[in-house]
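**Q** I would like the atomic coordinates for the input below:
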Amino acid sequence: MKTNILFILLFLFCASVSAQVPLQIKSSKVHALLNFMDTMAGWPSTSPTLLEYGQANIPKSNTEFYEAVEVYKTLNLDYSAEREQYPELRHQYLSTRNLIIMASVGSRDLHDFSERIMGYLPLTEHDKLMKCLITAAPVYEQLIWSEYYESTQKIIGQISPYKKQIQSLFERAKQFYGGFWTKDYPFIVSLYPIPGESGYTSATPHSNVLVGSFMADNHKDYEGRLGVIVHEMCHIIFDEQPLKLQEDIEKWYLKNDSPYARYAYNYIDEGLATAIGNGWAFEQIHGYVDSLDWYHDPYINQYAKAIFPLVKEYLESKKRMDKEFINQVIAIFEKEFPKCIYDYGLLLNDIDIYSDLEQQVLFSDIFSSLNQYFQVRSANFFNPIIDTKSLETMDKKQQTKMFFLINDESKTYKTVATKITDLQKHLNIDVKEDFILSFWDENSKSNIILINLQKKEDASKAFQKLAELKYINPDNALVKF
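**A** A predicted model of the protein is given here:
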């Protein structure tokens, strides 16, 4: 009888272990190269530390490399498909860029990568992408990959013993989120090096693939990477909440009476991932709460630390997030950021950008310049401004709306004013001057930031001005510069 009981206990233990989601820790030269070119092109979600290292160590005389970077800046890798049944303010869009990143992590070499992504892009874009990567490959190999290959293998070895603990923490997080994930779908973590002991690292989730950097000359950097892995897993399981739960959460936010609810909603995904990954998971692994900053964005860092006690209570009570939880995190947000409804830094976290510029120019030039002054988590691009689809979204979507008018003859301005009715108060403004209009639009229930410029090259000056102002002045919408 004792033997039978022991057998049953062992069987249950083995079943519990096998039920955990498989986790693979690896590195991918192809993805590291792709990320390096993203970085050198100044694209979002890349490390400024890696950019500075590349610029300092690749001589300007290497014209072939820098010409490839300029071509890379013009590439459009981000074609999207919309999941219309999902709530508007959640992640509705599927992106070819995500698929390209996932393919790079699984590729043996550039030839294999080219075959895997065939059909994702127009062939002309595909061809330019591959030529850029082939040109950059020997530069990256010599400068970083070969130099830090041993460091990369070392951190993989340092993290691997923690895999079972990470898997266990993920199961607890999954229960809290109420998301769907099973052992049939493994997580793959791909790491790439950034030279130096300290600096800015980055990590992003792409379905079951998590990619992230580490400081290659810091031999204890793996300690922080453990929490980052859980952080990125949280983003994924948040996206994988059932449709009904996503609809309920959006309803709990948008029907809350607080004027801060919409802004709190913008920050909940990153706030929860940081509180769980960089806060709770770090504490579970190391036995103490990290006293340093948990996130490089000061708003997310502050919010994550403020909701941490509540998040920890739910996790340790094995409770799923519910309406009461949402009400409490909204109240915490209001307490932490009483001026958020006027704060450009918060308002630009999640934006719709309207412009007559070509989308790739808008993305590579304007958006990259915006990211030098503000942390933008999510952005949708609409062009041209008076396109039917663009006009339809203006009074429906509730995100902050940023308009770029370049050398406008007032026709576009007046057309936008038919949808953003508060602009009609400023119809006599001289569009031959550079100015910014910022105000709350009651019709669309969103903040409006309209930037009028004579030259697109002056966009950086406009963003610098917004950073200097910091807050919208509700008594004076117009700022000339």
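**Q** Could you use CA atoms for every contact and neighbour count after this?
**A** Fine.
**Q** Unless I misread the structure, residue 296 falls within a strand.
**A** No - counting by DSSP: H, G, I helix; E, B strand; the rest coil, residue 296 falls outside a strand, being coil.
**Q** Counting neighbours, what do you get for it?
**A** 12 (other C-alpha atoms under 10 Å).
**Q** Quick check: it vs residue 48, distance?
**A** In this view, residue 296 and residue 48 are 12 Å apart by C-alpha to C-alpha, to the nearest Å.
**Q** residues contacting the nearest residue to residue 348 once chain neighbours are set aside?
**A** Nearest residue to residue 348, sequence neighbours excluded (C-alpha to C-alpha, 6 or more residues apart in numbering): residue 376, at 6.0 Å. Contact analysis of residue 376 by C-alpha atoms under 8 Å, 6 or more residues apart in numbering lists 348-351.
**Q** Columns pLDDT, secondary structure and distance to residue 326 on top of those residues, output as TSV?
**A** What follows is the contacts of residue 376, written out as TSV (pLDDT from 0 to 100; DSSP: H, G, I helix; E, B strand; the rest coil; distance: C-alpha to C-alpha, whole Å):
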residue	pLDDT	secondary structure	distance to residue 326
348	92	coil	22
349	85	coil	20
350	85	strand	19
351	89	strand	22
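**Q** Could you single out the nearest of these to residue 203?
**A** Nearest to residue 203 among the contacts of residue 376 is residue 349, at 17.6 Å by C-alpha to C-alpha.
**Q** Can you give me every residue that contacts that closest one?
**A** The neighbours of residue 349, taking C-alpha under 8 Å, 6+ apart as the test, are 266, 374-378.
**Q** Backbone dihedrals for it, both of them.
**A** Per-residue torsions, residue 349: phi -70, psi -40 (degrees, to the nearest 10).
**Q** Quickly note the distance from it to residue 375.
**A** From residue 349 to residue 375 the distance is 6 Å (C-alpha to C-alpha).
**Q** How about residue 222?
**A** Using C-alpha to C-alpha, residue 222 is found at 25 Å from residue 375.
**Q** Identify all contacting residues around the strand or helix carrying residue 226.
**A** If you go by DSSP states H and E, residue 226 is part of helix 222-239. Identification of contacts with helix 222-239 by C-alpha under 8 Å, 6+ apart yields 90-91, 155, 158-159, 162, 166, 169-170, 173-174, 177, 179-181, 189, 203-208, 210, 214, 269-270, 272-274, 276-279, 281-282.
**Q** Okay, and which of the residues you listed map to helices?
**A** Among the contacts of helix 222-239, the ones falling in helices (DSSP state H) are 155, 158-159, 166, 169-170, 173-174, 177, 269-270, 272-273, 282.
**Q** Just the buried ones from those, in ChimeraX syntax?
**A** Restricted to buried positions by 16 or more other C-alpha atoms under 10 Å, the ChimeraX selection for the ones in helices among the contacts of helix 222-239 reads:
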select :155,158,166,169,170,173,174,177,269,270,272,273,282
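**Q** now, which of the ones in helices among the contacts of helix 222-239 sits nearest residue 462?
**A** residue 270 (27.0 Å).
**Q** can I assume the closest one is in contact with residue 300?
**A** Yes - when contacts are counted by C-alpha atoms under 8 Å, residue 270 is listed as touching residue 300 (6.9 Å).
**Q** who's in contact with the residue nearest to the spatial centre of the chain?
**A** With distances taken as C-alpha atoms, centre = their mean, the residue of the chain nearest its centroid is residue 377 (4.8 Å). Residue 377 sits next to 349-350 when contact means C-alpha under 8 Å, 6+ apart.
**Q** shaky segments in the chain?
**A** The chain contains residues with pLDDT under 70 at 1-19, 91, 359-364, 397.
**Q** Let me see the ranges of the strands in it.
**A** Secondary structure of the chain (DSSP state E): strands at 23-26, 80-82, 93-95, 187-194, 203-206, 209-215, 350-355, 378-382, 400-406, 435-441, 446-453, 478-480.
**Q** will you turn the ones you listed into JSON lines that also has distance to residue 463 and mean neighbour count?
**A** Shown next, in JSON lines, are the strands of the chain (distance: least, C-alpha to C-alpha, whole Å; neighbours: other C-alpha atoms under 10 Å):
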{"stretch": "strand 23-26", "distance to residue 463": "39", "mean neighbour count": "17"}
{"stretch": "strand 80-82", "distance to residue 463": "27", "mean neighbour count": "11"}
{"stretch": "strand 93-95", "distance to residue 463": "27", "mean neighbour count": "15"}
{"stretch": "strand 187-194", "distance to residue 463": "28", "mean neighbour count": "24"}
{"stretch": "strand 203-206", "distance to residue 463": "25", "mean neighbour count": "20"}
{"stretch": "strand 209-215", "distance to residue 463": "28", "mean neighbour count": "24"}
{"stretch": "strand 350-355", "distance to residue 463": "14", "mean neighbour count": "22"}
{"stretch": "strand 378-382", "distance to residue 463": "16", "mean neighbour count": "16"}
{"stretch": "strand 400-406", "distance to residue 463": "11", "mean neighbour count": "23"}
{"stretch": "strand 435-441", "distance to residue 463": "10", "mean neighbour count": "20"}
{"stretch": "strand 446-453", "distance to residue 463": "9", "mean neighbour count": "23"}
{"stretch": "strand 478-480", "distance to residue 463": "12", "mean neighbour count": "15"}
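**Q** Quick one, which of those gets closest to residue 416.
**A** From those, taking C-alpha to C-alpha, the stretch that ends up closest is strand 400-406, at 9.2 Å.
**Q** can I get the strands of the chain in a markdown table with distance to residue 133?
**A** Converted to a markdown table, those look like this (distance: least, C-alpha to C-alpha, whole Å):
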| stretch | distance to residue 133 |
| --- | --- |
| strand 23-26 | 21 |
| strand 80-82 | 23 |
| strand 93-95 | 21 |
| strand 187-194 | 16 |
| strand 203-206 | 21 |
| strand 209-215 | 18 |
| strand 350-355 | 30 |
| strand 378-382 | 26 |
| strand 400-406 | 32 |
| strand 435-441 | 39 |
| strand 446-453 | 35 |
| strand 478-480 | 43 |
